[in-house]
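Visitor: Requesting a structural model of the entry that follows:
(one chain, ligands or ions: 1)
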Amino acid sequence: MDYLEIEGGKRLQGSIKISGAKNAALPVIAATLLCKGKTRLKNLPDVVDIRTLLKLLEMLGAKVGRGEDLVEIDNSDIVSTRAVYEIVSKMRASILVLGPLLGRFGVCEVSLPGGCAIGQRPIDLHLKALEAMGAHIEIKGGYIRAEAPEGLHGSRIIFDKITVGGTENVLMAASMAHGTTEIINAAREPEIIQLCEMLMSAGIEMEGVGSSRIKIHGSGGRALEFTKDISIIPDRIEAGTYLCAGAITYSQITLERVNIEHIQTTIDKLGVMGCDFEIKDDSITIFPADSLTEVNIVTAEYPGFPTDMQAQFMAVATLAQGESLIEERLFENRFMHVSELNRLGADIWLKGNVAAVKPVEKLYGADVMATDLRASSALVLAALAAEGTTRIRRIYHLDRGYDDLEGKLRRLNARVVRKKE
Ligand code: UD1
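Guide: Numbering: from 1, shown residues only. This is a model prediction of the structure:
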């Protein structure tokens, strides 16, 4: 198995380009299933999760053509609507094929995703919403079997809890339903807006895009056509992670191809910690703090502070002057990085869903283990700042979501190598 070896304590410098957002690309790829022909996607990040979903589509009968910065998905010959355990167990986001498969074919089977390292992560809200739209759903043998032979119908969906994936599944299913669907308490993440814009580019009428109340006027069973190329928005979490790399190593670095609005909460919190920024169109330069100030964070749905940036900020907060408090409100078990950061010399105490990050003078290199995607990036950040060598094992978590991580870090002058056990 591969591991990353990082020689820390070095200043970073230079400039890198941010890739397309994994979490925007996944629903976009799933939504191509609503189309009977070809869809062309640009700026897909080259990460394992994207390859996994493309493989799932190929197993359903899609033809995937890969060119330079262009992927063409041809869904004219879908021969199966069964998303098998072997793929879904690798990546929970495979559940995103449920809405489009049911919407277009009126029947599908998707393996139950199960829990994961950061918590239980149920999909009850996805299923309840699809049932409200007329689907008959049965769970048997580890699979969700959903049927709507006459097609889905519009409905008023009130989500008890804001769910990104649930909102995306309903948006895709509703776009082929008969009549109008209204989603109340919808997620408002930029990835949701990208998906809505994609559906609208195929002629689906929507109201309230970007708000927590979205109306979708379904096509009445007619498959969609995506005639325009779809370019994936920049990855706000990747951008935020590299800004944290600048902050924790006291380095000036520049990120190109970012959407500033999408990373505003990250910029604000790093500002509180003493960092400064220069913003030009779609590029941002971070100027490090003289010394990092403590910060308090509570994770929330967009436009609040992203749970996907919680671990990275915890790494930065370890080296602040005072004690930081970090509260996780979205996932019950998203603190697996705490004990690993403590192995690197951090002084973090957990009480329920709040982490108290007490200041330490320095971090020191050690052997650590990646546990989930964002937890792993927190370890990379801590390793960049730590004195000595850190070896991070189980980096397949990082490969799921960070495009060319070592390449980009090396371009920023970091000493990072991937090695085999
Ligand atoms: C997406 C992101 C993930 C991010 C998360 C929250 C993708 C591929 N993943 O995950 O990176 O951390 O949003 O911003 O885009 N819930 C239920 N029942 C449901 C669905 C969700 O109780 O049916 C709960 C979850 O357990 C969690 C909360 O709702 O506590 C939010 O989850 P959700 O927004 O659905 O996250 P994902 O779409 O899985």
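
Visitor: so where is the stretch 251-400 of the chain shaky, pLDDT-wise?
Guide: For the stretch 251-400 of the chain, no stretch has pLDDT under 70.

Visitor: residues in it within reach of the ligand, list them.
Guide: Contacts of the stretch 251-400 of the chain with the ligand, taken as CB under 6 Å from any ligand atom, map to 307-308, 330-331. (C-beta placed from N, C-alpha, C; glycine too.)

Visitor: Quick one: mark the members of those residues that sit in strands.
Guide: Judged by DSSP state E, the subset of these located in strands is empty.

Visitor: Any chance of the residues you listed in a markdown table with neighbour count as columns?
Guide: Formatted as a markdown table, the entries for these read as follows, by neighbours: other CB atoms under 10 Å:
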| residue | neighbour count |
| --- | --- |
| Thr307 | 18 |
| Asp308 | 21 |
| Leu330 | 19 |
| Phe331 | 19 |
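
Visitor: Turn these into TSV, including distance to Leu60.
Guide: As requested, these are exported to TSV (distance: CB to CB, whole Å):
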residue	distance to Leu60
Thr307	31
Asp308	28
Leu330	31
Phe331	30
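
Visitor: show me where the chain has helices.
Guide: Here the chain has its helices, by DSSP state H, at 22-31, 48-60, 85-88, 98-105, 124-132, 164-175, 190-201, 236-248, 264-272, 310-317, 337-343, 373-385, 396-401, 405-411.

Visitor: what's the closest of these to Glu68?
Guide: helix 48-60 (15.8 Å; CB to CB).

Visitor: And the average pLDDT for the closest one is what?
Guide: Helix 48-60 comes out with an average pLDDT of 97.

Visitor: Mind giving me the packing neighbours of that helix?
Guide: helix 22-31, strand 63-67, strand 70-74, strand 82-83, helix 85-88, helix 396-401 (3 or more CB pairs under 8 Å, 6 or more residues apart in numbering; DSSP states H and E).

Visitor: I'd like the ones you listed laid out as CSV, including mean neighbour count.
Guide: Shown next, in CSV, are these (neighbours: other CB under 10 Å):
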stretch, mean neighbour count
helix 22-31, 26
strand 63-67, 12
strand 70-74, 18
strand 82-83, 21
helix 85-88, 17
helix 396-401, 21
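
Visitor: In contact with Phe287, which residues?
Guide: Counting by CB atoms under 8 Å, 6 or more residues apart in numbering, Phe287 makes contact with 252, 275-278.

Visitor: if you set the cut-off to 10 Å instead, what comes out?
Guide: Applying CB atoms under 10 Å, 6 or more residues apart in numbering to Phe287 gives the contacts 246-247, 250-253, 274-278.

Visitor: any idea which of the residues you listed is closest to the ligand?
Guide: For the contacts of Phe287, the closest approach to the ligand (CB to the nearest ligand atom) belongs to Ala247, at 21.2 Å.

Visitor: pretty sure the closest one is touching Ala315, no?
Guide: Yes. Assessed by CB atoms under 10 Å, Ala247 is found in contact with Ala315 at 9.5 Å.

Visitor: Give the residues shared as contacts by the two.
Guide: With CB under 10 Å, 6+ apart as the test, Ala247 and Ala315 both reach 381, 385.

Visitor: any idea how far Thr389 lies from the ligand?
Guide: 30 Å (CB to the nearest ligand atom, to the nearest Å).

Visitor: for Thr318, same thing?
Guide: Taken as CB to the nearest ligand atom, the span from Thr318 to the ligand is 22 Å.

Visitor: And for Ile184?
Guide: On the measure of CB to the nearest ligand atom, Ile184 and the ligand end up 15 Å apart.

Visitor: For that residue, name its beta-bridge partners.
Guide: Ile158, Arg213 (DSSP bridges).

Visitor: contacting residues around it?
Guide: 156-159, 208, 212-215.

Visitor: Provide a list of residues in contact with Val209.
Guide: 171, 186, 188, 192-193, 195-197, 199-200, 215-216.

Visitor: For PyMOL, what selects the buried ones among the residues you listed?
Guide: To isolate the buried ones among the contacts of Val209 in PyMOL, judged by 16 or more other CB atoms under 10 Å, type:
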select buried, resi 171+186+188+192+193+195+196+199+215+216
